[in-house]
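Enquirer: coords below, sequence missing:
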């Protein structure tokens, strides 16, 4: 029995730039604090040391892993912390060499000494980190693994066992795309309807409604912020934000004052093919520029690929269907979340395990399937759309220059979004009886490709563009 994976596990609200290297370590630090509370030793702690291993070490600085663990140990919540407060908290730790553990206990903390970058990999997963807390001539140590998409596990997988029990309450337990399709055919229902019934077994309808819309409004605000922010992204690559200029060229001197008015304004713009390409690219760029600057994004299914699903959903809202409303938004997100969970169960959504095919490839498949359903596709066509999108991302490597989630990561979101739209259209024009490749076969192939891929192409910045272009070139 696989563990329960909810739509809200696949679509998490957090802070950039990376789900596996920022959000995951942040959540690991929170779990470590909870362990200290459970052991009744939190108030006795005098110092804390953090060891980062493997990919977390090799690209940790560029992905703000060091900042994430400090914010997590400080008791801050990535879902709700005011983004403007982050710089001040980090600056205070660096300047005063003090960390406010769990937001209640000041301890000595020197970043250079207490965060240790170990290039060796732990055997369980490429993204390992160990927290060690010292107190009264004793110490408490705990190791976590950030497995992609903000998911954090321990080797003994105690939380996973609990989620297996939760899944037993699902009316439609799903591990494979074929199982999902069988439920749809047997019940004569859409994929989103099957997913909704599963969600209702663990949440109220009101909670599902409000949380899905909170996810969408976070996506919309993120696109809005990105399209209205100019300048240079942090990190040293001197990457200039492009969404601002592209947006200005597309919309001109339009008058609006909030994200929803902005959405309505875009609906009135010209939509020739070139403009559509530019709008979709602009939306994706905007999200990932916000992500690269430690802004708030929705992990979908990762931060590095956070721009694909918002861009495709926004395309549907402002170009394809001007009557689209909250019902369509919820339908889209539920389908996207379920497709993402199938990839997570059958393969990986971690670039450190599978390269960028596990991030942009999965996000493109999620968006393609979701778009296909809201455009009237059958369950068979929805799964075909997801398959087409992933098929054309197989083997995509993760090779971020300088370990930053910027080059080529930001542009890759535009490509993933465009491919998703094309995949949905191809599926809608295809009789599923003529399909040759089922989604489950592509999931298996992606996982096999991941295992065959050289480690230097798995988010280590030791191959590809990461070595062909260095910081000095920028």
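Expert: The structure has been received and is ready for your questions. Since the model is a prediction, treat every value here as computed from it, not as a measurement.
Enquirer: which stretches of the chain form strands?
Expert: 12-15, 47-54, 98-101, 105-108, 115-118, 127-135, 138-148, 151-153, 296-299 (DSSP state E).
Enquirer: out of these, which comes closest to residue 313?
Expert: strand 296-299 (10.6 Å; Cβ to Cβ). C-beta coordinates here come from the backbone N, C-alpha and C atoms, glycine included.
Enquirer: Do I have it right that residue 26 meets residue 78?
Expert: Yes: Residue 26 is in contact with residue 78 according to Cβ atoms under 8 Å; the separation is 5.1 Å.
Enquirer: Which one's more surrounded, these two?
Expert: Remark: of residue 26 and residue 78, residue 26 carries more neighbours, 29 against 23, as counted by other Cβ atoms under 10 Å.
Enquirer: hang on, the earlier thing: and the strands of the chain: which comes nearest residue 439?
Expert: strand 138-148 (19.3 Å).
Enquirer: could you give the angle of the closest one to strand 47-54?
Expert: 30 degrees (axes from the mean of the first three to the mean of the last three Cα atoms, to 10 degrees).
Enquirer: list the helices and strands strand 138-148 packs on?
Expert: In terms of contacts (3 or more Cβ pairs under 8 Å, 6 or more residues apart in numbering; DSSP states H and E), strand 138-148 is packed against helix 24-38, strand 127-135, strand 151-153, helix 351-354.
Enquirer: got the contact list for it?
Expert: Residues outside strand 138-148 that contact it (Cβ atoms under 8 Å, 6 or more residues apart in numbering): 19-21, 24-25, 27-28, 31-32, 35-36, 39, 41, 56, 122, 124-125, 127-133, 152-155, 301-302, 344, 348-353, 358-359.
Enquirer: Kindly point out the strands partnered with it and how each is oriented relative to it.
Expert: Strands that pair with strand 138-148, judged by DSSP bridges, come out as strand 127-135 (antiparallel), strand 151-153 (antiparallel).
Enquirer: Was I right to think residue 320 contacts residue 375?
Expert: Yes: using Cβ under 8 Å, residue 320 is in contact with residue 375, at 6.9 Å.
Enquirer: The two: which is more packed in?
Expert: residue 375 (20 against 17).
Enquirer: okay, how far is it across stretch 340-360, tip to tip?
Expert: 11 Å (Cα to Cα, to the nearest Å).
Enquirer: how about the closest residue to residue 359 other than its chain neighbours, what does it touch?
Expert: Excluding its sequence neighbours, the residue lying closest to residue 359 (Cβ to Cβ, 6 or more residues apart in numbering) is residue 305, at 4.1 Å. When contacts are counted by Cβ under 8 Å, 6+ apart, residue 305 touches 359, 360, 362, 363, 412, 413, 416.
Enquirer: now with 6 Å?
Expert: With contacts defined as Cβ atoms under 6 Å, 6 or more residues apart in numbering, the neighbours of residue 305 are 359, 360, 363.
Enquirer: Take the strands paired with strand 138-148 and write them to JSON lines, including distance to residue 444 and mean neighbour count.
Expert: Output for those, formatted as JSON lines (distance: least, Cβ to Cβ, whole Å; neighbours: other Cβ atoms under 10 Å):
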{"stretch": "strand 127-135", "distance to residue 444": "23", "mean neighbour count": "23"}
{"stretch": "strand 151-153", "distance to residue 444": "21", "mean neighbour count": "22"}
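Enquirer: Make TSV from the ones you listed and add mean pLDDT and distance to residue 443 to it.
Expert: TSV is the format used below for the strands paired with strand 138-148 (pLDDT from 0 to 100; distance: least, Cβ to Cβ, whole Å):
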stretch	mean pLDDT	distance to residue 443
strand 127-135	97	21
strand 151-153	95	17
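Enquirer: could those go into TSV alongside distance to residue 219?
Expert: Listed next are the strands paired with strand 138-148 as TSV, based on distance: least, Cβ to Cβ, whole Å:
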stretch	distance to residue 219
strand 127-135	25
strand 151-153	20
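Enquirer: so which of these gets nearest residue 454?
Expert: strand 127-135 (17.5 Å).
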